[in-house]
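Enquirer: mind looking at a prediction? Sequence and model below.
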Amino acid sequence: MELILINESKLKIMLSSAEMKEFNLDNDTVDYVNAETRLAIHNILKQVKSKTGFDATNERIFIQFYTSKIGGCEMYVTKLNLEKEAVHMQQLSDSTVKTGEYSLSPLFIRRIVYSFSELSLLIDVCRRLQLSGYSDHSEVYCQTEDKKEYLLVLDTKNENNYRADISDGMAFINEYGAEKDYKTMGIGLCEHSRCLARENAVHIFSML
């Protein structure tokens, strides 16, 4: 289990396929109304508390869950005791946050990765996204194993339960870089790339 403390109210958890089996989690059946899922999350949060001090066992929380084609998963656990976090998550979906319950992210949250060959291209994209009002989660990584490239991770909202085309407001990104499959590469980003911004990357790089 790999743990990254983003801030006092938000933690990133990465599980391998073996760890998923250990906690009895199945990507196909994960659902907060499922008793097995709730027990698994409870056990994960207990381990998280002992390893990092991040205590969400008795908190009102929001969990974003992302699967991987290689069998693992990523989870973002956000404690909603802070007003600004509660307001942000309420804007995502006013039906997913429930007091005393573990809530998984709505299906219309979709994660996309774009690859750029030059830092200047990434900066230009972030500036245009910032001007357009983009405010969802974003990350930036630098990968140098095969060739140097910059990776921009974005969250987008899709109100339907299927992979929709990129909205008109983000289609311009394809002029600067190439879209990659997050499910294929997302779980290994931290292992094979250097993280340059774990949160608010669009805003950070738009100021460069």
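Expert: Arrived safely.
Enquirer: alpha carbons only for contacts and neighbour counts from here, please
Expert: Will do.
Enquirer: quick one, what contacts the residue nearest to the spatial centre of the chain?
Expert: Central residue of the chain (Cα atoms, centre = their mean): Y76, 6.0 Å from the mean position. Contact partners of Y76, counting by Cα atoms under 8 Å, 6 or more residues apart in numbering, are K10, L11, K12, I13, I63, Q64, F65.
Enquirer: quick check: the second one is in a strand.
Expert: Yes. In this structure, L11 lies within a strand as judged by DSSP: H, G, I helix; E, B strand; the rest coil.
Enquirer: pLDDT score assigned to it?
Expert: We have a pLDDT of 90 for L11.
Enquirer: flag every buried residue along stretch 31-51.
Expert: D31, Y32, E36, T37, R38, A40, I41, H42, I44, L45, K46, V48 (16 or more other Cα atoms under 10 Å).
Enquirer: can you give me the offset of it from its chain's centre?
Expert: In this view, stretch 31-51 has its centroid 18 Å away from the chain centroid, taken as Cα atoms, centre = their mean, to the nearest Å.
Enquirer: which one of the buried residues of stretch 31-51 sits closest to A171?
Expert: D31 (31.7 Å; Cα to Cα).
Enquirer: which residue is the nearest non-sequential neighbour of the closest one?
Expert: What sits nearest to D31 in space, not counting adjacent residues and going by Cα to Cα, 6 or more residues apart in numbering, is T37, at 6.2 Å.
Enquirer: any idea whether that neighbour is helix, strand or coil?
Expert: helix.
Enquirer: these two touch, right, L3 and K12?
Expert: Yes. Using Cα atoms under 8 Å, L3 is in contact with K12, at 5.8 Å.
Enquirer: hey, where'd the strands end up in the chain?
Expert: For the chain, the strands defined by DSSP state E cover 2-7, 10-15, 61-67, 73-79, 109-116, 138-143, 149-157, 178-180, 194-197.
Enquirer: the second one vs strand 61-67, what angle?
Expert: Spelled out, it's strand 10-15. 40 degrees (axes from the mean of the first three to the mean of the last three Cα atoms, to 10 degrees).
Enquirer: re the thing from before, among the buried residues of stretch 31-51, which pair sits farthest apart?
Expert: Within the buried residues of stretch 31-51, D31 and V48 form the most distant pair, 20.1 Å apart (Cα to Cα).
Enquirer: which one, of the strands of the chain, ends up nearest to M170?
Expert: Among these, strand 149-157 comes nearest to M170, with 9.4 Å by Cα to Cα.
Enquirer: could you check how far Y134 is from N200?
Expert: To N200, Y134 is 10 Å away according to Cα to Cα, to the nearest Å.
Enquirer: tell me which of these two has more neighbours.
Expert: A count of neighbours by other Cα atoms under 10 Å puts Y134 above the other of Y134 and N200, at 20 against 16.
Enquirer: what's the nearest residue to the more buried one once chain neighbours are set aside in contact with, if anything?
Expert: Closest residue to Y134 apart from its sequence neighbours, by Cα to Cα, 6+ apart: V202 at 7.9 Å. V202 makes contacts with C126, R127, L129, Q130, Y134, S138, E139, as judged by Cα under 8 Å, 6+ apart.
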